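In: what's the 3D shape of this:
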Amino acid sequence: MVVNPQADQVPAGREDGRVTRMGKWLRCSYLDELPQFFNVLLGSMSLVGPRPYMLTDNQVFSRIVAEHPMRYTIKPGITGMAQIKGLHGPLSERDGAVIVTRFQWDIFYIRNANFLLDIDIIRRSIHLLFTQQMRA
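Out: The predicted structure follows:
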């Protein structure tokens, strides 16, 4: 993306003019997620767990779901239950039902996390990566 004052407030959309040509290719190929693996190696993220939101989204979502901070009782992940259930991409306040559903899947993971569940989520995420229509 080009440097812009909205970077921490407005997620990039499909035809977002802030995304460079190279950025579009990186997003389409999911290579834009690669730097998160460094966070996993440094210990600040996990492979599996609730996906982190932008700070402004956290504030909005906390007003919609009172228990929202519960998502942060474990490390955030590169992929998670909500993502393999098809609940990914940018949200707004208007998407209240989707926000609640994402939260429910995140809490399901937090309450049921184990090695086999992590392996299943990783397996399903890889499957989705290769079978899902590439994002723009």
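In: let me see the backbone angles for the residue located most distally from the centre of the chain.
Out: The C-alpha centroid of the chain is most remote from Arg21, which lies 22.3 Å away (C-alpha atoms, centre = their mean). Main-chain dihedrals, Arg21, degrees, to the nearest 10: phi -60, psi -40.
In: find me the pLDDT at it, would you?
Out: For Arg21, the pLDDT comes out at 83.
In: verify the stated contact: Ile64 with Ile99.
Out: Yes: if you go by C-beta atoms under 8 Å, Ile64 and Ile99 touch, sitting 5.2 Å apart. C-beta: built from backbone N, CA, C; applies to glycine.
In: neighbour-wise, which of these two wins?
Out: Ile99 (21 against 15; other C-beta atoms under 10 Å).
In: the more buried one touches Val65, doesn't it?
Out: Yes: using C-beta under 8 Å, Ile99 is in contact with Val65, at 6.4 Å.
In: which residues of this structure score low on pLDDT?
Out: The model of the chain has pLDDT under 70 over residues 1, 7, 13, 90-94, 133-136.
In: centroid-nearest residue for it?
Out: Note: the chain centre (C-alpha atoms, centre = their mean) maps to Arg51, 3.8 Å.
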